[in-house]
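Undergrad: attaching a predicted model along with its sequence, questions to come.
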Amino acid sequence: MTPAPTGQDPWPHAARTVEQHAAAVLGLLDGITLDARFVPLEQAGGRVLAEDVVAGVQLPPFANAQMDGYAVRADELRDAHDDGEPTLPLTGAVPAGAAPPPLPAGTAAPIMTGAMIPAGADAVVPVEETDPARFPDWLTDADPQPPAGARVRFTAGAAATEPGRFVRPAGSDLARGAVALTAGTRVTPAAAGVLAALGRADVAVRRPLRVLLYSTGSEVVEPGLPLRPGQIHDANSAILRAALNACGTEVVTARLVADAPAALLSALDADVRDAAPDLVLSSGGISRGAFEVVKQSLGGRGVAFWSVAMQPGGPQGAGLLDVGGSRVPFLGFPGNPVSTLVSVEMFLRPALAARFGAPARPRFRAALAEPVTPLAGKQQIRRGTLTATAGGPVVRLVGGPSSHLLHAAATADVLVHLPVTAEPLGVGTPVTVTPLD
Ligand SMILES: Nc1nc2c(c(=O)[nH]1)N[C@H]1C(S)=C(S)[C@@H](COP(=O)(O)OP(=O)(O)OC[C@H]3O[C@@H](n4cnc5c(N)ncnc54)[C@H](O)[C@@H]3O)O[C@H]1N2
Ligand code: MOO
């Protein structure tokens, strides 16, 4: 093991505000370019579009029925209502998927939801507004043709004869030639559906950001392996993997690194060469102990260490890491699991959202359910649960402020941003919250 630096700390922590560090993290990602590539639609979910998607067809592509019922000419039916409950003779049924012939004047065609409106028809009367309020049995025949003299009785009165009623016009969702989705948009479930509806089998997306992940500490052991006294299981890799996954990035390599600077440096040289990461992320080894592996090995390689005015997550490392002549953006999060979690949410996720289309978290105000005394000089980020009330959202803190309280954090659904003040905050004081997953 490389001996710890003695005497003055060669890599002292300079002070930064939360906003200053967030801006610096954002700046670190500036030089990263994610190339575009075509992927099959089924692999596009969560990716970010690299093209403006222009609608090659209108949506819906043709006017179609919004209800199971009868396609009619609205004016005809309205006129027929002068004589009480009118009846109209039936023509052949229109199932979804068929291209029907024009509707003969003075008739009604049984039509199913999604089926093309026959030329001439301009309204659909739901089957519930007819007598009997269900389709006749002959409709389920192999070739459903109305028996001679078959008619349908309309029971809902003239109000049910508006032209356009229960017709979904062609192009009412999206016009042909319109930009349906712009480059930079994340492919959400709805966006994937639009791409499919437009007939796109593949689409140009940005490749995911490649992340190299190190959990450091000689006490840290992979889950699944037994623990010797003094050891703990690695929670941070799981936290970071889950968060990175939700942000649409790809963890290219992840490893545990003991408190041995030489081991970290040789792993780094090999991993940067082999996995070509866009970003290196570590947890642990950055504070003021005697065995701070990240600080000791990367302090001379372009990484600076900061004391950010935030709790938890105060100690932070950041910089352009010099590995074999190339410069790779690096973030060193503190080892305490809640500090790692809060660091992701406060610094990494907002930067990934701003630069690479990761899902951003909203921030809004909620009233404190209990009194709390924040910290002077530091932004304290607590964990809480949110309840909707008639008077607006109310937040109750879970667990204490300490950064080892991971289980309590897992029961929370919001981060609570307390103001920087030593003044006690009373019940009902509005504070900013960020929803978690
Ligand atoms: N004298 C001082 N000591 C500490 C200070 C300080 O300002 N002066 N800051 C404290 C704060 S705040 C934090 S946060 C931690 C950050 O320390 P490190 O980033 O160096 O992290 P470690 O010392 O390696 O670990 C801290 C804590 O977290 C546990 N840990 C580490 N990795 C994992 C992991 N992958 N999974 C689960 N738990 C992990 C580790 O065992 C320690 O308990 O420093 C304070 N000290
Ligand atoms: O910043 Mo440390 O993360 O408070 O425990």
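TA: Looks like it arrived, so ask away. Ligands and ions are numbered 1, 2, ... in the order given.
Undergrad: only alpha carbons, please: show stretch 353-366 as PDB.
TA: The C-alpha coordinates for stretch 353-366 follow below in PDB (Å, rounded to 0.1, in the frame of the first residue of the first chain):
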ATOM      1  CA  ALA A 353     -30.500  15.500 -18.200                       C
ATOM      2  CA  ALA A 354     -29.200  18.800 -19.500                       C
ATOM      3  CA  ARG A 355     -26.600  17.400 -21.800                       C
ATOM      4  CA  PHE A 356     -27.800  13.900 -22.800                       C
ATOM      5  CA  GLY A 357     -31.600  13.900 -22.400                       C
ATOM      6  CA  ALA A 358     -31.700  11.800 -19.200                       C
ATOM      7  CA  PRO A 359     -35.100  12.100 -17.400                       C
ATOM      8  CA  ALA A 360     -35.000  15.200 -15.300                       C
ATOM      9  CA  ARG A 361     -36.600  15.400 -11.900                       C
ATOM     10  CA  PRO A 362     -39.100  18.200 -11.200                       C
ATOM     11  CA  ARG A 363     -38.700  20.300  -8.100                       C
ATOM     12  CA  PHE A 364     -41.700  21.700  -6.300                       C
ATOM     13  CA  ARG A 365     -42.800  23.000  -2.900                       C
ATOM     14  CA  ALA A 366     -44.300  21.000  -0.100                       C
END
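Undergrad: quick check: the nearest residue to P110 once chain neighbours are set aside vs ligand 1, distance?
TA: Nearest in space to P110, with sequence neighbours left out and distances taken as Cβ to Cβ, 6 or more residues apart in numbering, is A93 at 4.1 Å. (C-beta placed from N, C-alpha, C; glycine too.) Going from A93 to ligand 1 by Cβ to the nearest ligand atom, to the nearest Å gives 65 Å.
Undergrad: check V431 too.
TA: Using Cβ to the nearest ligand atom, we find V431 at a distance of 22 Å from ligand 1.
Undergrad: wait, is that residue part of a strand?
TA: Yes - counting by DSSP: H, G, I helix; E, B strand; the rest coil, V431 is found in a strand.
Undergrad: what is the burial count for it?
TA: 20 (other Cβ atoms under 10 Å).
Undergrad: again, but for the one 3 residues further on
TA: When counting by other Cβ under 10 Å, one arrives at 18 neighbours for T434.
Undergrad: any idea how far V205 is from the closest residue to ligand 1 within the stretch 201-350 of the chain?
TA: Nearest residue of the stretch 201-350 of the chain to ligand 1 (Cβ to the nearest ligand atom) works out as G335 at 2.5 Å. According to Cβ to Cβ, to the nearest Å, G335 stands 34 Å off from V205.
Undergrad: isn't the residue of the stretch 201-350 of the chain closest to ligand 1 right up against G217?
TA: Yes - at 6.0 Å, G335 and G217 qualify as touching, with contact defined as Cβ atoms under 8 Å.
Undergrad: quick one: name the residues of the stretch 251-400 of the chain near ligand 1.
TA: Applying Cβ under 6 Å from any ligand atom, we find that the stretch 251-400 of the chain lies next to ligand 1 at 283-289, 292, 312, 314-315, 334-337, 339.
Undergrad: any of those residues buried? List them.
TA: Neighbour-count burial (16 or more other Cβ atoms under 10 Å) is assigned, among these, to 283-287, 292, 312, 314-315, 334-337, 339.
Undergrad: show me the residues you listed that map onto strands.
TA: Within those, residues falling in strands by DSSP state E are S283, P315.
Undergrad: let's have the buried ones among the residues of the stretch 251-400 of the chain next to ligand 1 in JSON lines, adding pLDDT and distance to S326.
TA: Listed next are those as JSON lines, based on pLDDT from 0 to 100; distance: Cβ to Cβ, whole Å:
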{"residue": "S283", "pLDDT": "98", "distance to S326": "23"}
{"residue": "G284", "pLDDT": "98", "distance to S326": "24"}
{"residue": "G285", "pLDDT": "97", "distance to S326": "22"}
{"residue": "I286", "pLDDT": "96", "distance to S326": "22"}
{"residue": "S287", "pLDDT": "92", "distance to S326": "28"}
{"residue": "E292", "pLDDT": "93", "distance to S326": "24"}
{"residue": "P312", "pLDDT": "98", "distance to S326": "32"}
{"residue": "G314", "pLDDT": "97", "distance to S326": "30"}
{"residue": "P315", "pLDDT": "97", "distance to S326": "26"}
{"residue": "P334", "pLDDT": "98", "distance to S326": "26"}
{"residue": "G335", "pLDDT": "98", "distance to S326": "27"}
{"residue": "N336", "pLDDT": "98", "distance to S326": "31"}
{"residue": "P337", "pLDDT": "98", "distance to S326": "31"}
{"residue": "S339", "pLDDT": "98", "distance to S326": "29"}
